[in-house]
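Colleague: Have a look at this fold, sequence not included:
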Ligand code: SF4
Ligand code: SF4
């Protein structure tokens, strides 16, 4: 007899009290879907064929937001490949002029595309904090997830950034991001211990490539977008969610990234996080009005969301030691 499956406790029920926002200090902007890669795990479903990107009007509104609100400490630029989408450089330069921390989520291989070869020097000149995906320190795993040749290009790109001072100069920070391979059966596991894996990465990359970097962030695969489709094709999506739910850790709730960030899409719509953005779960005012960048400017207030809109994939952020764009949470 096959074991009886327990049904999933909805995340909203599990947390008992709805999640609320803290003061907003992070603006994460998804500049568009264009990317030079098309990774299997991409929750944004970005690729070279996508054309959606920021408009000039929304770009101006975002710059106004950055200029007007000193409470924004960090501007976090993502995509797609953020560097390929409209608005990347104007927003970087506006945010740096206001002395914000600017994070660029770069796939690094973009450095080798025509028209983007000046990016490493541009990053260094503006002291951008680079967050780069390197899902394993071994070549075969990276190329399987991200495409042939991606590992070697990533290594060459990090070496170039190191030569410019990244990983060595305290103002030039490069963090690497690990996400586990997608499961193909129900032998699920949580992300490995972040500190131990960081030591392994540092040892291997220094010995083999003389590479230095600052932090390694481990990220759980959130079951949305291509990840969800992949899990569904293996017929293990519900089991994966159940596994995450069984490992729910309430201690992560204080630090989930949606607490203090606004996630903005290329149309200027506002969400609690990038995952809600991909699932089109929009943020609203207490009067249930849809939030946009224009609306935030009109209200002259960034702290207008009360309850964070959660979904069952929030178990991905709260399982084990937790997961966010900045890695483990506890
Ligand atoms: S590099 Fe990033 S945005 Fe581009 S396809 Fe891969 S995961 Fe998606
Ligand atoms: S997916 Fe994660 S970051 Fe987004 S709302 Fe859920 S817990 Fe918050």
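Modeller: Here it is on my side, so go on. Please read all numbers here as calculations on a predicted model, not as lab measurements. Ligands and ions are numbered 1, 2, ... in the order given.

Colleague: So which residues make contact with the helix or strand of the chain with the lowest mean pLDDT?
Modeller: When the helices and strands of the chain are compared on mean pLDDT, DSSP states H and E, helix 139-146 comes out lowest with a mean of 78. With CB atoms under 8 Å, 6 or more residues apart in numbering as the test, helix 139-146 has contacts from 37, 39-41, 107, 133-136, 149-152, 154, 181. From N, CA and C alone the C-beta is placed, and that goes for glycine too.

Colleague: With stretch 63-70 instead?
Modeller: With CB under 8 Å, 6+ apart, stretch 63-70 has contacts from 27, 72, 75, 90-91, 94-95, 98, 100, 293, 296-297, 300, 302.

Colleague: Going through the residues you listed, which ones are buried?
Modeller: Listed as buried from the contacts of stretch 63-70 are 27, 72, 75, 91, 94-95, 100, 293, 296-297, 302; burial here means 16 or more other CB atoms under 10 Å.

Colleague: Of those, which ones also sit close to ligand 2?
Modeller: On the criterion CB under 6 Å from any ligand atom, none of the entries of the buried ones among the contacts of stretch 63-70 sits beside ligand 2.

Colleague: Out of the residues you listed, which is nearest to residue 50?
Modeller: residue 91 (19.4 Å; CB to CB).

Colleague: can you pull the contacts of the closest residue to that closest one other than its chain neighbours?
Modeller: Once flanking residues are discounted, residue 91 sits nearest to residue 62: 6.0 Å by CB to CB, 6 or more residues apart in numbering. Counting by CB under 8 Å, 6+ apart, residue 62 makes contact with 27, 29, 54, 87, 91, 264, 268, 293.

Colleague: Just the ones of these in strands?
Modeller: In this view, the contacts of residue 62 that belong to strands under DSSP state E are 27, 29, 264.

Colleague: Around ligand 2, pick out the residues from the stretch 201-330 of the chain.
Modeller: 256-258, 272-273, 275-276, 308, 310, 313-314, 317.

Colleague: Make TSV from these and add secondary structure and distance to residue 22 to it.
Modeller: Compiled in TSV, these are given as follows (DSSP: H, G, I helix; E, B strand; the rest coil; distance: CB to CB, whole Å):
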residue	secondary structure	distance to residue 22
256	coil	10
257	helix	11
258	helix	10
272	coil	12
273	coil	13
275	helix	18
276	helix	17
308	coil	10
310	coil	15
313	helix	21
314	helix	17
317	helix	15
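
Colleague: Okay, residue 106 and residue 88: tell me how far apart.
Modeller: 10 Å (CB to CB, to the nearest Å).
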